[in-house]
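Test case, fold it:
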Amino acid sequence: MNILITGIIALLSAFFLFAGSIKLLGWQKMIFEKQIEFFHSYGLNRQVMALVGVVELFGAITIWFQSSILGLLGAMALLGTSLGAIYFHLRFDTWKDGIPAVMTLILSGVVVFLGYVIF
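Here you go, the predicted structure:
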């Protein structure tokens, strides 16, 4: 892996480790409450939020294994999570709420593309 892809993976991994752990454990109360508010406004419950957290943590960890199919699956999990977030933010919120998801979509898309090319 070159330095650019390593930096992108590190950024995605840190972001999704943070976001996924909050969704699962609720350790950062203010952010957790805002996220659960979003999920409820979308008609989704706490269990769905926890499942999204598991997918985010899976992706954040496995994205580091770029020399195997696991790395590609991790990047695809983050790409899928980002797509879902964009959909729900655009449907129920403002486009501004979806900006982080657009950024993670672009970055995870780069990793998926490069992982696919490498793999």
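
Spit out the contact partners of residue 82.
By Cβ atoms under 8 Å, 6 or more residues apart in numbering, the contact list for residue 82 reads 101, 102, 104, 105, 108. To be clear about C-beta, it is placed using only N, CA and C from the backbone, and glycine gets the same treatment.

any idea what residue 80 is structurally, helix, strand or coil?
Recorded secondary structure, residue 80: helix (DSSP: H, G, I helix; E, B strand; the rest coil).

okay, now it: neighbour count?
Counted with other Cβ atoms under 10 Å, the neighbours of residue 80 add up to 15.

Residue 96 versus that one, what's the distance?
22 Å (Cβ to Cβ, to the nearest Å).

ok so, going back, any idea which of the contacts of residue 82 has the most stuff around it?
Scoring those on neighbours with other Cβ under 10 Å, the highest-scoring entry is residue 108 at 27 neighbours.

Name the residues of the helix or strand harbouring residue 35 that are buried.
According to DSSP states H and E, residue 35 maps onto helix 29-41. Along helix 29-41, these residues count as buried under the neighbour rule (16 or more other Cβ atoms under 10 Å): 32, 35, 36, 38, 39.

The helix or strand just after it vs helix 29-41, what angle?
Where DSSP H and E defines the elements, the next helix or strand beyond helix 29-41 is helix 46-62. Counting by axes from the mean of the first three to the mean of the last three Cα atoms, to 10 degrees, helix 46-62 points 120 degrees away from the direction of helix 29-41.

Show the contacting residues for the most centrally placed residue in the chain.
Geometric centre of the chain, nearest residue: residue 78, 4.2 Å, by Cα atoms, centre = their mean. Shown in contact with residue 78 (Cβ under 8 Å, 6+ apart): 12, 16, 56, 59, 60, 63, 104, 108, 111.
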